[in-house]
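S.K.: give me the fold of what follows.
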Amino acid sequence: MAAGDYMVRATAADDAIRAFAVTTRELTEKARAMHNTSPVATAALGRLMAAGLMMGSMMKGEDDLLTLKIAGDGPMGGVLVTADAHFRVKGYVYKPEVLIGANKRGKLDVGGAIGRGMLSVIRDLGLKEPYVGQTELISGEIAEDLTYYFAASEQVPSSVGLGVLMERDNTVRRAGGFIIQLMPYTSQEVIEELEVRLAHVSSVTAMLDSGMMPEDILAELLGDFGLQINDRQPVAYHCGCSKERVSRAILSIGKQELLDMISDGKPVEAGCQFCDKKYRFGVEEIKEMLAGA
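M.R.: Numbers count the residues shown, from 1 in each chain. Purely as a prediction, here's the structure:
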């Protein structure tokens with residue numbers, strides 16, 4: 001059994017089905033501690049990061065970047081996650097301290113915290129303009145929203161399952177998910193059999209909490225369809241921020257704002273939203289940045 005967070009990629013039904021499953025407890029706990037997220041914010045961020053990792057692994061280019069952005073009218077505001085083709089992810093919640101009561105099933109009410117809004121999927125493939133797909137949120141629970149996105153925006157019938165289970169002390173107990181996608185040539189018989197199977201599976205968190213690993217989850221879902229595990233890859237929370245990158249973000253605010261900073265005569269502190277690291281820029285540094293621009 002592989003240790004730590006990792007992803008499994010697989011095919012089934014003679015390549016008519018492609019599947020992904022991931023366990024992400026460690027990276028979700030790292031994000032929770034880094035951003036000091038409330039339980040419902042941790043659940044939202046953990047779900048979207050698991051999805052981001054699986055969707056990021058679908059990209060072909062070494063430098064391709066995927067951004068998943070959820071913006072809603074609920075008290076959480078939204079969630080943003082970025083993943084790359086190297087099985088790395090980072091993200092943050094707009095209002096990480098949000099607290100909201102449980103939903104009718106006694107579960108963390110991610111949908112209520114997010115509210116109504118939009119899901120954006122942005123793929124930067126190194127072209128002049130990134131590819132942007134957008135759909136309305138169906139439930140705000142994230143898995144259902146991505147299932148709808150794949151069908152409506154990419155015309156790929158998919159089943160997405162995501163989950164985060166918290167401990168009583170609000171640390172992360174389990175986290176992960178799966179994505180199953182049907183290729184255009186999938187037979188109607190396979191589609192019908194798969195629908196029956198998916199209708200009877202337990203939740204992602206229940207499967208993970210019973211000790212199931214990504215391979216076991218896919219075996220549970222696709223074991224009768226000739227499941228073929230293609231690879232296993234470690235996944236991680238990774239922020240590649242640097243003072244240089246943050247300086248570029250400061251430059252983007254405009255010349256007049258930079259001149260105002262210089263006239264104030266005080267150092268400026270700027271932080272990275274993904275890892276909360278702080279960078280300090282002195283007046284002379286800001287002058288150099290402005291001169292270089």
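S.K.: hey, let's count contacts and neighbours off CA atoms from now on
M.R.: Noted.
S.K.: could you check the pLDDT of the closest residue to residue 160 other than its chain neighbours?
M.R.: Of all residues not flanking residue 160 in the chain, residue 179 sits nearest, at 4.6 Å (CA to CA, 6 or more residues apart in numbering). As predicted, residue 179 sits at a pLDDT of 97.
S.K.: and residue 179, what helix or strand is that in?
M.R.: Using DSSP states H and E, residue 179 maps to strand 172-182.
S.K.: return the list of helices and strands in contact with whatever helix or strand comes next after that strand.
M.R.: Downstream of strand 172-182, the next assigned helix or strand under DSSP H and E is helix 188-199. Helix 188-199 sits against helix 214-222, with contacts defined as 3 or more CA pairs under 8 Å, 6 or more residues apart in numbering; DSSP states H and E.
S.K.: can you list the buried residues in the helix it packs on?
M.R.: Neighbour counts over helix 214-222 (16 or more other CA atoms under 10 Å) mark 214, 215, 217, 218, 219, 220, 221, 222 as buried.
S.K.: what does stretch 285-293 give?
M.R.: Quick answer for stretch 285-293 (16+ other CA under 10 Å): 286, 289.
S.K.: tell me which residues are up against it.
M.R.: Residues from elsewhere that reach stretch 285-293, judged by CA atoms under 8 Å, 6 or more residues apart in numbering: 247, 251, 255, 258, 261, 262.
S.K.: what's the spacing between the fifth one and residue 253?
M.R.: Taken as CA to CA, to the nearest Å, the spacing of residue 261 relative to residue 253 amounts to 11 Å.
S.K.: which stretches of the stretch 101-250 of the chain form helices?
M.R.: For the stretch 101-250 of the chain, helices defined by DSSP state H, counting those that start in this stretch occupy the ranges 110-114, 143-153, 188-199, 204-209, 214-222, 243-251.
S.K.: angle of the longest helix seen in the chain against helix 143-153?
M.R.: Of all segments of type helix in the chain, defined using DSSP state H, the longest is helix 39-56. The directions of helix 39-56 and helix 143-153 differ by 40 degrees, with axes from the mean of the first three to the mean of the last three CA atoms, to 10 degrees as the criterion.
S.K.: just the CA trace of helix 39-56, in PDB.
M.R.: In PDB, the C-alpha atoms belonging to helix 39-56 read as follows (Å, rounded to 0.1, in the frame of the first residue of the first chain):
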ATOM      1  CA  PRO A  39     -14.500  23.100   9.300                       C
ATOM      2  CA  VAL A  40     -16.900  24.000   6.400                       C
ATOM      3  CA  ALA A  41     -14.200  26.100   4.700                       C
ATOM      4  CA  THR A  42     -11.800  23.100   5.100                       C
ATOM      5  CA  ALA A  43     -14.400  20.800   3.500                       C
ATOM      6  CA  ALA A  44     -14.900  23.200   0.500                       C
ATOM      7  CA  LEU A  45     -11.200  23.700   0.000                       C
ATOM      8  CA  GLY A  46     -10.300  20.000   0.400                       C
ATOM      9  CA  ARG A  47     -13.000  18.900  -2.100                       C
ATOM     10  CA  LEU A  48     -11.900  21.400  -4.700                       C
ATOM     11  CA  MET A  49      -8.200  20.600  -4.300                       C
ATOM     12  CA  ALA A  50      -8.900  16.900  -4.800                       C
ATOM     13  CA  ALA A  51     -10.800  17.700  -8.000                       C
ATOM     14  CA  GLY A  52      -8.100  20.100  -9.100                       C
ATOM     15  CA  LEU A  53      -5.400  17.400  -8.700                       C
ATOM     16  CA  MET A  54      -7.400  14.900 -10.800                       C
ATOM     17  CA  MET A  55      -8.300  17.400 -13.500                       C
ATOM     18  CA  GLY A  56      -4.800  18.800 -13.500                       C
END
